[in-house]
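Enquirer: Predicted coordinates and the sequence they were generated for:
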Amino acid sequence: MERSHDEMILRLPGTASEKQWLTDHLEALSVRERIVLSAAMAREPPRDMAGAVNCLLTLDEYEVRGLVGSYEALGGLFLSEQCVPQDQRAYFDMNALGQTYEDQHPGLFISNCYVEYPTRQPVIAYDGHDLPGSEAEGWSVRLKLASEAVPDGAWVKLPDYNEINDGGPGEIRLALDELRVKTVQDCTLLDARCILPCIQKLTSQYDDLADLIYDGQNLGFLLDERGQGSPDFLERFTAALELENCCRMDDAVNIAENLSSYDVISRDKFLDKVTEELSKQEWAKGGDAVKGCFDYAAYAAALAERQGYQTTEDGLNYIRKRDPPILEQQRGGMTMQ
């Protein structure tokens, strides 16, 4: 997929940090994302780099109808979605039906696909102050795949829900079409990146590309589900990854699937609980003067250590493991904390 918009975006007015953010993200845009970017730029080109950042952050809000490059094909898609009986399809004017679909779902034909515009105005995620971190980006793994026909390669972003829901061509199949191959087994892996900073050298962790994609998909689903909506999922998951010195993606998936095996509590909450329990002691009934002589924080820290807790690297939480999963890096003889 051509990178015709990159230079224009990087020449927009903006800050050095915005330019670096855009450079890093444009370099690894997937085939699907580049198709959407072309449609977004045609619809409303950003006026500055801040607008371009927001544009890239909203690419997932566009619907891509893969391998639908004409009104006739778009009409066929409409018939499929409406479950029109096969014996009635020949009597439809497919071009007119495709134009009707366009009226109902405004969009643009780009690179043998039809890109539908969002039905509502995308939320502005970047206000020009703090550039968004990876937690706002909605992906697990990015893979750069190459083929004999396209040796320079093309990027795929996971998770690809289309691939498991049979929702038409998604990230993987659009990339395969770009590479002019039928399956991922016809591809060579050039690069692989994980959203988790602790997962490095991902290309060397898998002998089979299909296994890498499988784990990348699962990690993406787990990150999206966030422990069935648990508000502290990412905090607990990050703490568990740190505790296990996790550097492999298969281990990260295993940890996320078994997060209930880890107890995580903030140091402040632990201190509050300890303070509440100590208030029931006879000596604590002697008043503030007596309590002021007691080092609650030091006692709580010592108690946490006796109970098997460790302090997270940021110093904000305690974590301990009860019956943790057996990890691949443990099998390989690595020493775990």
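Expert: Right, received. Where do you want to start?

Enquirer: how about the most centrally placed residue in the chain, what does it touch?
Expert: Computing the C-alpha centroid of the chain and ranking residues by CA atoms, centre = their mean puts Trp139 first, at 1.9 Å. Taking CB atoms under 8 Å, 6 or more residues apart in numbering as the criterion, Trp139 is in contact with 157-159, 195, 220. Where you see a C-beta, it was placed from the backbone N, CA and C, and this is true even at glycine.

Enquirer: do the same with Lys280
Expert: Shown in contact with Lys280 (CB under 8 Å, 6+ apart): no residues.

Enquirer: how far away is it from Ser38?
Expert: 66 Å (CB to CB, to the nearest Å).

Enquirer: my read is the residue nearest to the centre of the chain is in a strand, agree?
Expert: No: using DSSP: H, G, I helix; E, B strand; the rest coil, the secondary structure at Trp139 is coil, not a strand.

Enquirer: for the stretch 101-250 of the chain, what are the low-confidence residue spans?
Expert: Along the stretch 101-250 of the chain, the model assigns pLDDT under 70 to residues 135-136.

Enquirer: Can you list the residue ranges for helices in it?
Expert: Here the stretch 101-250 of the chain has its helices, by DSSP state H, counting those that start in this stretch, at 161-165, 171-179, 209-229, 233-243, 249-257.

Enquirer: Buried deepest among the ones you listed, which one?
Expert: Highest mean neighbour count of the helices of the stretch 101-250 of the chain: helix 171-179, a mean of 23 (counted as mean count of other CB atoms under 10 Å).

Enquirer: still on that earlier bit, how about the helices of the stretch 101-250 of the chain, which one is nearest Leu57?
Expert: helix 209-229 (16.1 Å; CB to CB).

Enquirer: picking up where we left off before, export the helices of the stretch 101-250 of the chain as a markdown table, with columns for distance to Gly98.
Expert: Listed next are the helices of the stretch 101-250 of the chain as a markdown table, based on distance: least, CB to CB, whole Å:
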| stretch | distance to Gly98 |
| --- | --- |
| helix 161-165 | 21 |
| helix 171-179 | 20 |
| helix 209-229 | 32 |
| helix 233-243 | 43 |
| helix 249-257 | 41 |
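
Enquirer: Which among those is found nearest to Phe109?
Expert: That would be helix 171-179 among these, by CB to CB, at 14.4 Å.

Enquirer: which other helices and strands contact that closest one?
Expert: helix 31-43, strand 141-146, strand 154-158, helix 161-165 (3 or more CB pairs under 8 Å, 6 or more residues apart in numbering; DSSP states H and E).

Enquirer: Tell me what angle the second one forms with helix 249-257.
Expert: On the basis of axes from the mean of the first three to the mean of the last three CA atoms, to 10 degrees, strand 141-146 is oriented at 150 degrees to helix 249-257.

Enquirer: Outside of strand 141-146 itself, list whatever touches it.
Expert: Applying CB under 8 Å, 6+ apart, the external contacts of strand 141-146 come out as 28, 30, 152-158, 175, 179, 184, 187-195, 202, 209, 212-213, 216, 219-220, 249.

Enquirer: Mind listing the strands that strand pairs with, and their directions?
Expert: strand 154-158 (antiparallel), strand 188-194 (antiparallel) (DSSP bridges).

Enquirer: Most tightly packed of these?
Expert: With neighbours defined by mean count of other CB under 10 Å, none of the strands paired with strand 141-146 is more surrounded on average than strand 154-158, at a mean of 26.

Enquirer: returning to that earlier point: switch the strands paired with strand 141-146 over to JSON lines, and while doing so, append distance to Phe92 to every line.
Expert: Shown next, in JSON lines, are those (distance: least, CB to CB, whole Å):
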{"stretch": "strand 154-158", "distance to Phe92": "35"}
{"stretch": "strand 188-194", "distance to Phe92": "43"}
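
Enquirer: To Glu102, which of these lies closest?
Expert: The nearest among the strands paired with strand 141-146, by CB to CB, is strand 154-158 at 26.4 Å.

Enquirer: any residues touching that closest one, and which ones?
Expert: Here strand 154-158 makes contact (CB under 8 Å, 6+ apart) with 1, 28-33, 139-146, 171-172, 175, 178-179, 213, 216-217, 219-220.

Enquirer: From what I see, Gly76 and Met94 are in contact.
Expert: Yes: at 6.2 Å, Gly76 and Met94 qualify as touching, with contact defined as CB atoms under 8 Å.

Enquirer: In the protein, mark out all the strands, start to finish.
Expert: 63-65, 107-110, 113-116, 141-146, 154-158, 188-194, 262-266, 310-311, 317-321 (DSSP state E).

Enquirer: what's the most buried one of these?
Expert: Taking mean count of other CB under 10 Å, strand 154-158 is the most buried of these, at a mean of 26.

Enquirer: Distance from the chain centre to that strand, please.
Expert: Strand 154-158 sits 12 Å away from the centroid of its parent chain (CA atoms, centre = their mean, to the nearest Å).

Enquirer: quick one: Gly69 from Glu148, how far?
Expert: For Gly69, the distance to Glu148 - CB to CB - is 24 Å.

Enquirer: quick one: which of the two has more around it?
Expert: Gly69 (15 against 11; other CB atoms under 10 Å).

Enquirer: So which of the helices and strands packed on helix 171-179 is nearest Gln86?
Expert: When those are compared (using CB to CB), the closest one is helix 161-165, at 22.8 Å.
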